[in-house]
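got a structure for you, letters missing:
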């Protein structure tokens, strides 16, 4: 039985979503800046940085099921999830600051980068896995689950966009500001504080609702039972279909995020495009977080109607294809020599005009996919008699992190194959390097998007299936009582 019946109060939606701000801060750091920081600022080879981040992600992906299983088996008067949300964020903040200010202000060894990246990711997972696992417990309503995911993604994106905006306008501002080391410490410090406020604030806000002794005492934790549940999760047909589509979507997302600053600076020259109406020397790059913000707002208002009209699977497919067309039109036009000169106001305006709806559809894909997992929980419960929210969301993180790591890994190799050297001035890059980078990136993204659209569109649980299953489970529970 879910904790809330019927429509969820706005306060609960906001406070539950607020916990995802920490994930947005981490995502912005890892996906947008970390490869650039260690490669172009500290001088590590791009392939070496991306390989280190891939190793850290793979380790984290293996740890996630353990965290999810431990979360499912936590048995306290504060419930299963809250103890994690109170314990993990402060150590996470310290590790986050260290990531952006390595000892000696110079590049660490390969193993040093792997180590600190693993610590950050594991501690972030200790916050995010229990937090998102609360969602199926709070409500079993098909629509309200999508609503909670909307608020989670809205909060996550707003947290990430705040960091992005502060990076471009305060910490790393100005032409070539992204290539200066000094601002990254402040970037890390502010992000660490925001993570603590987000996770603990969300936990406190939900405390009175979820701080209850679980109805049944779980069996003791063991590694064997932990991974057997993950294996069991992958036996669910619906989860396998989701995983096939999600894997492709997350690889593509990892590439897009990790290359975005390279593309903005080296391809589109946004940091060298002055805003003529601005008196303080602002550039078009300062508008990048603004464009992403508007895309999140557009997503917030379109995802509900899309799910209502098309259902989650078809919405994911439509979003994937639409995002691909909108967001890659500028690159195709640039290669065809029919795009305005990069670095011009017209180029930036057209780029942002396509980015807003394109990114809104891309986020819709991820929300649709994530929301599908909540429906798998009841399908599994119907088949086995057990609820394992943590196991399924850990399985999702396993897929997501392996895929994101592979996306970042591919980004590093694309940069190396295109022969973009460390500490390179964007004005001095050979045009053939830019063309090669676009071709590698565009080809991989197109293939991955089509795979994601196909498999997510085949997800087998409809709204009618879910609602019938929830009704049957509720009736069985009432009969048992």
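Now that the structure is in, tell me what you want to look at. Because the structure is predicted, anything quoted here is derived from the model rather than measured. Numbering: from 1, shown residues only.

what's the following helix or strand after the longest helix along the chain?
Looking across the chain with DSSP state H, the single longest helix is helix 288-335. For helix 288-335, the succeeding helix or strand toward the C-terminus, using DSSP states H and E, is helix 345-384.

Now find how far off-centre the helix or strand following that following helix is within its chain.
The helix or strand immediately downstream of helix 345-384 is helix 389-417, counting by DSSP H and E. On the basis of CA atoms, centre = their mean, to the nearest Å, helix 389-417 sits 10 Å off its chain's mean C-alpha point.

Who are the packing partners of helix 389-417?
helix 35-36, helix 46-73, helix 110-138, helix 223-233, helix 237-262, helix 345-384, helix 431-456 (3 or more CB pairs under 8 Å, 6 or more residues apart in numbering; DSSP states H and E). Where you see a C-beta, it was placed from the backbone N, CA and C, and this is true even at glycine.

how many degrees apart are the longest helix of the chain and helix 345-384 in direction?
110 degrees (axes from the mean of the first three to the mean of the last three CA atoms, to 10 degrees).

Show me what helix 288-335 is packed up against.
Packed next to helix 288-335, using 3+ CB pairs under 8 Å, 6+ apart, are helix 142-166, helix 345-384, helix 431-456.

which residues touch the lowest-mean-pLDDT helix or strand in the chain?
When the helices and strands of the chain are scored by mean pLDDT, DSSP states H and E, helix 223-233 comes last with a mean of 71. For helix 223-233, the external contacting residues (CB atoms under 8 Å, 6 or more residues apart in numbering) are 65-66, 69-70, 219, 239, 376, 380, 384, 388, 391-392, 394-395, 398.

By neighbours, which of those residues wins?
Among the contacts of helix 223-233, residue 394 has the most neighbours (other CB atoms under 10 Å), with 30 neighbours.

Residue 180: which of the contacts of helix 223-233 is nearest?
residue 398 (36.6 Å; CB to CB).

give me the number of residues near the spatially closest residue to that closest one that is not a sequence neighbour?
Closest residue to residue 398 apart from its sequence neighbours, by CB to CB, 6 or more residues apart in numbering: residue 61 at 4.7 Å. Residues near residue 61, counting by other CB under 10 Å, number 22.

and the longest helix of the chain, average pLDDT?
Helix 288-335 shows a mean pLDDT of 92.

do the same with stretch 134-152
On average, stretch 134-152 scores 81.

and if you look at stretch 27-36?
Here stretch 27-36 scores 85 as its mean pLDDT.

which residues are contacting that stretch?
46, 49-50, 53, 96, 99-100, 156, 159-161, 163-164, 167, 178, 184, 187-188, 191, 254, 257-258, 260-262, 404, 408, 411-412.

Would you mark the buried spots in stretch 144-152?
Neighbour counts over stretch 144-152 (16 or more other CB atoms under 10 Å) mark 144-152 as buried.

and residue 274, backbone torsions?
In terms of degrees, to the nearest 10, the main-chain angles of residue 274 are phi -70, psi 150.

okay if I get the helices and strands packed on helix 389-417 as TSV plus distance to residue 297?
Formatted as TSV, the helices and strands packed on helix 389-417 follow (distance: least, CB to CB, whole Å):
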stretch	distance to residue 297
helix 35-36	27
helix 46-73	30
helix 110-138	22
helix 223-233	34
helix 237-262	19
helix 345-384	8
helix 431-456	23
